[in-house]
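> sequence and computational prediction follow.
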Amino acid sequence: GVWFFGTNASYYVQRCKVADNVMEMGGAGGFGIMIEFANVTSITGNVVNDPGSYGIWNSLSVRTTVSGNSVSSSGSSGIRNASSPYATISGNSIQDSGSDGIQNDSSSDVAITGNAVYNSATSGIANSGAVVTISGNTVRIAGSFGVYSGSSRCVISSNTIESAAGDGIYNNWGTYASISGNVVYAPGGMGIHNEGAVVSITGNSISWAGTYGIYNQYGDEVAIGSNVVYYPGAMGICSDGEWFDYSARVDIDGNTIIGSTKAIWADYSWRAKIDGNMIDGCSQQGIYGENQEFMTVSNNTVLMGNAGWRAIELAGGTRYAVVSGNQTYSGWDGIFVNSDAPLVTGNHTIAAGASCIYFGGNQGTCTGNRADSGVWYGLYGWGSDSTYTGNVCRWNGTQFYLWGSNNQITGNHMGWAGVTDVGAGNWYANNR
């Protein structure tokens, strides 16, 4: 097609413009447009159809603008920007590429904005450069990821991604990233997949993900906030570490999750915070945590379906958890805590199929909760050496069932006739 090149970094082609050409290449080998060792180059308004390799290739150049081009049926990527910093790739249309729609390879300070990518064989947009903005693009039908980014300090915002075969957005170990305001529809894998540290995932809308809506894998200091997840195939939001590498300080705040199996799941984490989320219609756990230390679950609203399992469950391996100010409705258990030294306070659980509150922790505190309309129990105390104070249990099959021993039960409102104590050494005062 068209080829401009300097000889090396000391002899750049200067201020070239490649504009308004039409190239019908018939599948012939080579590139539609190829630029190397150029400075301040403009590639605009060209039509490249059926090149055997790349549609537009820009390599070893500085300050290139690639805008308003149409590339279709390329044998490899539609547009590739390689080792070329300070580039702008905007307003292009790429269709039926044999690899990535747009590929930014090892190029920093690049803006990829307002492009339309349709039916790429691998990723719609793939990036391995730092300080890159990927914003306002539309990606429809990608053989792998909708948007892939594998470097630091990148912004992925306000993109629309439909029908990627893999993840909608995949941040592969990119640190200090921002992923915000994207719309992801029907990816075959996850809506948003993050493996980077110090990452913000906010204000995204994800519908009909094949697996997870949002998945944080090993990332530390990650904020997942104000996202909306509709009908994921598995979990709404999952933050997952490993036994040898806990995820630290992950905040899952103010999200809305509708129609999941498990809405929010946190595993192998340290100081995770799950606050102010709205969960509606999940079939298993609303919020689930295990292998946690210093976890906080607060101010969430969990509305379970009639077949739902547990609205909030903190399972084995969890220590020093705080569960406060939550509201749950329906589910087998409203709040199920089986951890060491928990604080369960100020929650309101309604209409559980078994226990409104199952308190299984040793050396914990259960205080100021309301438990209404549990079919079996209002408050079920399994643990020992704990304090139960100021709880109100009403309209339950049994108001308070105490299995553990050496507990202090003071100032609760549950009715003496509604208490069953099969433990030993429990102490009661000022209950009614």
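Looks like it arrived, so ask away.
> direction included, what does the helix or strand hosting residue 58 pair against?
Here residue 58 sits within strand 56-59, counting by DSSP states H and E. Looking at strand 56-59 with DSSP bridges, its partner strands are strand 33-36 (parallel), strand 79-82 (parallel).
> now do it: distance to the chain's middle.
Computed by Cα atoms, centre = their mean, to the nearest Å, the chain-centroid distance of strand 56-59 equals 33 Å.
> after that strand, which helix or strand is next?
Note on strand 56-59: by DSSP H and E, the next helix or strand toward the C-terminus is strand 62-67.
> could you tell me which strands the next helix or strand after that next one is paired with, and in which direction each runs?
Next helix or strand after strand 62-67 toward the C-terminus (DSSP H and E): strand 70-72. Taking DSSP bridges as the criterion, strand 70-72 forms sheet pairs with strand 47-49 (parallel), strand 93-95 (parallel).
> what sits up against strand 70-72?
The contact list for strand 70-72 (Cβ atoms under 8 Å, 6 or more residues apart in numbering) reads 32, 46-51, 55-56, 78-79, 92-97. No exception for glycine: its C-beta is placed from N, CA and C like everyone else's.
> residue 272 against residue 247, yeah?
Yes. Using Cβ atoms under 8 Å, residue 272 is in contact with residue 247, at 7.4 Å.
> any shared contact partners between these two?
Listed contacts common to residue 272 and residue 247 are residue 239; contacts here mean Cβ under 8 Å, 6+ apart.
> neighbour-wise, which of the two wins?
Taking other Cβ atoms under 10 Å, residue 272 and residue 247 do not tie; residue 272 has more neighbours (28 against 24).
> now do the contacts for the more buried one.
239, 247, 249, 250, 251, 252, 266, 289, 292, 295, 296.
> what of residue 55?
31-33, 48, 69, 71-72, 74, 77-79, 94, 97 are the contacts of residue 55 under Cβ under 8 Å, 6+ apart.
> circling back: could I get the strands paired with strand 70-72 as CSV with distance to residue 404 and mean neighbour count?
What follows is the strands paired with strand 70-72, written out as CSV (distance: least, Cβ to Cβ, whole Å; neighbours: other Cβ atoms under 10 Å):
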stretch, distance to residue 404, mean neighbour count
strand 47-49, 73, 21
strand 93-95, 64, 22
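> need those in a markdown table with mean pLDDT, can you?
Formatted as a markdown table, those follow (pLDDT from 0 to 100):
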| stretch | mean pLDDT |
| --- | --- |
| strand 47-49 | 97 |
| strand 93-95 | 98 |
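> if we can go back for a sec, which one of the contacts of residue 55 is nearest residue 211?
residue 97 (25.6 Å; Cβ to Cβ).
> so that closest one sits against residue 74, correct?
Yes. Contact status for residue 97 versus residue 74: in contact at 4.9 Å, counting by Cβ under 8 Å.
> in the sheet, who's paired with residue 192?
When bridges are called by DSSP bridges, residue 192 pairs up with residue 169, residue 214.
> any idea how far residue 350 is from it?
Distance, residue 192 to residue 350, using Cβ to Cβ, to the nearest Å: 33 Å.
> hey, which helix or strand in the chain has the poorest pLDDT?
Lowest by mean pLDDT, DSSP states H and E among the helices and strands of the chain is strand 247-248, with a mean of 77.
> what comes into contact with whatever helix or strand comes next after that one?
Sequence order places strand 251-253 as the next helix or strand after strand 247-248, per DSSP H and E. The contact list for strand 251-253 (Cβ under 8 Å, 6+ apart) reads 222-226, 237, 239, 264, 266, 272-277.
> go on, stretch 1-8?
Applying Cβ under 8 Å, 6+ apart, the contact partners of stretch 1-8 are 12-13, 16, 18, 21, 23, 25, 30-38, 41, 48, 51.
> in it, what's buried?
The neighbour-count check on stretch 1-8 (16 or more other Cβ atoms under 10 Å) flags 1, 2, 4, 5, 6 as buried.
> now flag whichever of those is closest to residue 143.
Among the buried residues of stretch 1-8, and counting by Cβ to Cβ, the member closest to residue 143 is residue 1, at 24.9 Å.
> any idea how far residue 32 is from the closest one?
For residue 1, the distance to residue 32 - Cβ to Cβ - is 4 Å.
> now do the shared contacts for these two.
Common neighbours of residue 1 and residue 32 (Cβ under 8 Å, 6+ apart) are 23, 25, 48, 51.
> by neighbours, which of these wins?
Result: residue 51 is most packed of the shared contacts of residue 1 and residue 32 (other Cβ under 10 Å), 30 neighbours.
> assign that one to helix, strand or coil.
Using DSSP: H, G, I helix; E, B strand; the rest coil, the structure places residue 51 in coil.
> which other helices and strands contact the least confident helix or strand of the chain?
On a contact count with 3 or more Cβ pairs under 8 Å, 6 or more residues apart in numbering; DSSP states H and E, strand 247-248 meets strand 262-270.
> how about low-confidence regions in this structure?
Applying pLDDT under 70 to the chain flags residues 7-11, 243-246, 305-307, 415-417.
> okay, the buried residues of stretch 1-8 in JSON lines with distance to residue 61 next?
As requested, the buried residues of stretch 1-8 are exported to JSON lines (distance: Cβ to Cβ, whole Å):
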{"residue": "1", "distance to residue 61": "17"}
{"residue": "2", "distance to residue 61": "14"}
{"residue": "4", "distance to residue 61": "9"}
{"residue": "5", "distance to residue 61": "9"}
{"residue": "6", "distance to residue 61": "9"}
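> nearest to residue 355, of the residues you listed?
Minimum distance to residue 355 across the buried residues of stretch 1-8 is 70.8 Å, recorded for residue 1 (Cβ to Cβ).
> quick one: residue 332 and residue 313 touch, right?
No. Checked against Cβ under 8 Å, the pair residue 332 and residue 313 is beyond contact range at 9.8 Å.
> quick one, which of the two is more surrounded?
More neighbours surround residue 313 than the other of residue 332 and residue 313, with 25 against 21 (other Cβ under 10 Å).
> give me the three-state assignment for that one.
Going by three-state DSSP: residue 313 is strand.
> what's the offset of stretch 69-87 from the middle of its chain?
Per Cα atoms, centre = their mean, the centroid offset for stretch 69-87 relative to its chain is 29 Å.
> any idea how far apart the tips of it sit?
Across its full length, stretch 69-87 reaches 15 Å end to end, with Cα to Cα, to the nearest Å as the criterion.
> dump the residue contacts of the closest residue to residue 304 other than its chain neighbours.
Residue nearest to residue 304 in three dimensions, not counting chain neighbours: residue 331, with 3.6 Å by Cβ to Cβ, 6 or more residues apart in numbering. Contacts for residue 331 (Cβ under 8 Å, 6+ apart) come out as 286, 302, 304, 308, 309, 310, 311, 352, 353.
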